[in-house]
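*Asks:* Turn this into a model:
(one chain, ligands or ions: 2)
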Amino acid sequence: MTDRNRLRHEIRRRRAALTAAQRERAARHVAARLTATAWFRRARHVAGYLAVSGELDALPALTAARVAGKRLYLPALATHGGLWFHPWRPGMPMRGNRFGIDEPLATPRRRKDPRALDIVLTPLVAFDRHGHRLGMGGGFYDRTFAYQLCVPVRRPILIGLAYDFQEVESLAAESWDVPLAAVVTPRGVYRCT
Ligand SMILES: Nc1nc2c(c(=O)[nH]1)N(C=O)[C@@H](CNc1ccc(C(=O)N[C@@H](CCC(=O)O)C(=O)O)cc1)CN2
Ligand SMILES: Nc1ncnc2c1ncn2[C@@H]1O[C@H](COP(=O)(O)OP(=O)(O)OP(=O)(O)O)[C@@H](O)[C@H]1O
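*Replies:* Ligands and ions are numbered 1, 2, ... in the order given. A predicted model of the protein is given here:
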C-alpha cells in the first residue's frame, strides 16, 4: 500500500467508528461555523455533497443555505472524468451513480458551469493547513477545478468539510492538486495559505 492509501485507510477507519450522535453534533457545528463566514453570506450558488463512508454530513450546511435563499447543487460523475453540478432540492428524483451515491436526475441543459458556482463544499479524507486535500482517490474534484491552477482569481471557493482528526501535518502535494481555500471543522474555520 502507498502512504496515501495507508492514510486513507487509517482515517476512514476512524471516521467509521463515530456514533450517530457524534456525527450529528459535528455536522451541526460545522454548519454553524460555515454560515458565519462572509463567503457564505455572499454566496448565491452553493454546491455540496451527500455524505458516504462516514464523511462529514453536509446536509445541515446545505439546509442552512437553502433557508438563506441560496441555490443548491450536487455533483454528478461526468463523462470526462470530472464532475457536473446539477441543481438540487430536497425530495428531487435521484439516481445512484456507480459508487452508489445519489445524483439529481438532470438534463445537460440544466447543468451548472462549475465556474458559475460561488462555493463548493468538498468531501475529503485528509487535509493539511495548506489546503492540500486527499479524497477518495478518483481525482474528480481535481479534474473539475484544474483550471484554477492557472487563473489569478479562484472561483468557486472550494471549502472542505471535515472532522478535526482528518487534519494531518502535511500532505505531499501532487502537481494536479487544486488547493482548498479553507477547511471547516467542528473546531474552526481554517483559511489555507
Ligand atoms: N459524498 C461524496 N460524493 C462524491 C465524491 C466523494 O468523495 N464523496 N466524489 C469525489 O470525488 C465523487 C465520487 N467519487 C468517489 C470515488 C471513490 C469512491 C469509493 O471508492 N467508494 C467506495 C467504493 C464503492 C464501490 O466501488 O462500490 C469506498 O468508499 O470504498 C466513492 C466516490 C462525486 N461525489
Ligand atoms: N487534472 C487532472 N487531469 C488528469 N488526471 C488527473 C487530474 N487530477 C487528478 N488526476 C488523476 O486522478 C488520480 C487520483 O488523484 P488523487 O489521488 O489526488 O484523487 P483525490 O483528490 O483523492 O480524489 P477525489 O477528488 O475524487 O476525491 C491521480 O492518479 C491523477 O493522475
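*Asks:* how about the residue in the chain sticking out farthest from the centre, what does it touch?
*Replies:* In the chain, counting by CA atoms, centre = their mean, Met1 sits farthest out from the average C-alpha position, at 25.4 Å. Shown in contact with Met1 (CB atoms under 8 Å, 6 or more residues apart in numbering): His9. Glycine gets a C-beta too; all of them are placed from N, C-alpha and C.
*Asks:* my guess is Asp118 meets Ile159, correct?
*Replies:* No. Counting by CB atoms under 8 Å, Asp118 stays clear of Ile159, with 10.4 Å between them.
*Asks:* Between those two, which contacts overlap?
*Replies:* When CB under 8 Å, 6+ apart defines a contact, the residues bordering Asp118 and Ile159 alike are Trp39.
*Asks:* Between these two, point out the one with more neighbours.
*Replies:* Neighbours were tallied for Asp118 and for Ile159 using other CB atoms under 10 Å; the higher tally belongs to Ile159 (27 against 17).
*Asks:* For that one, which three-state class applies?
*Replies:* Secondary structure for Ile159, judged by DSSP: H, G, I helix; E, B strand; the rest coil, is strand.
*Asks:* Quick check: closest non-adjacent residue to it.
*Replies:* Distances taken as CB to CB, 6 or more residues apart in numbering place Ala182 nearest to Ile159, at 5.0 Å, with adjacent residues excluded.
*Asks:* Residues in a beta bridge with the one you found, which ones?
*Replies:* Residues found in beta-bridge contact with Ala182 (criterion: DSSP bridges) are Ile159, Arg191.
*Asks:* which neighbours does the longest strand along the chain have in its sheet, and in what orientation?
*Replies:* Under DSSP state E, the strand in the chain containing the largest number of residues is strand 71-77. Strand pairing for strand 71-77, using DSSP bridges, gives strand 45-47 (parallel), strand 83-87 (antiparallel).
*Asks:* Please work out the average pLDDT along that strand.
*Replies:* Average pLDDT, strand 71-77: 98.
*Asks:* swap in stretch 148-164?
*Replies:* Rounded mean pLDDT across stretch 148-164 is 94.
*Asks:* Phe40: which element?
*Replies:* Per DSSP states H and E: Phe40 is located in helix 38-42.
*Asks:* which other residues reach that helix?
*Replies:* Contacts of helix 38-42 (CB under 8 Å, 6+ apart): Leu34, Thr35, Val46, Ala65, Ala68, Asp118, Ile119, Ile157, Ile159, Ala181, Ala182.
*Asks:* returning to that earlier point: for the residue nearest to Ile159, which residues are in contact?
*Replies:* Thr37, Trp39, Gly131, Ile157, Ile159, Gly160, Val189, Tyr190, Arg191, Cys192.
*Asks:* Next one, pLDDT for it please.
*Replies:* In the prediction, the pLDDT value recorded for Ala182 is 98.
*Asks:* start the count at 47, not 1, going forward
*Replies:* Done: numbering now begins at 47, and the last item shifts to Ala228.
*Asks:* Understood, closing this out.
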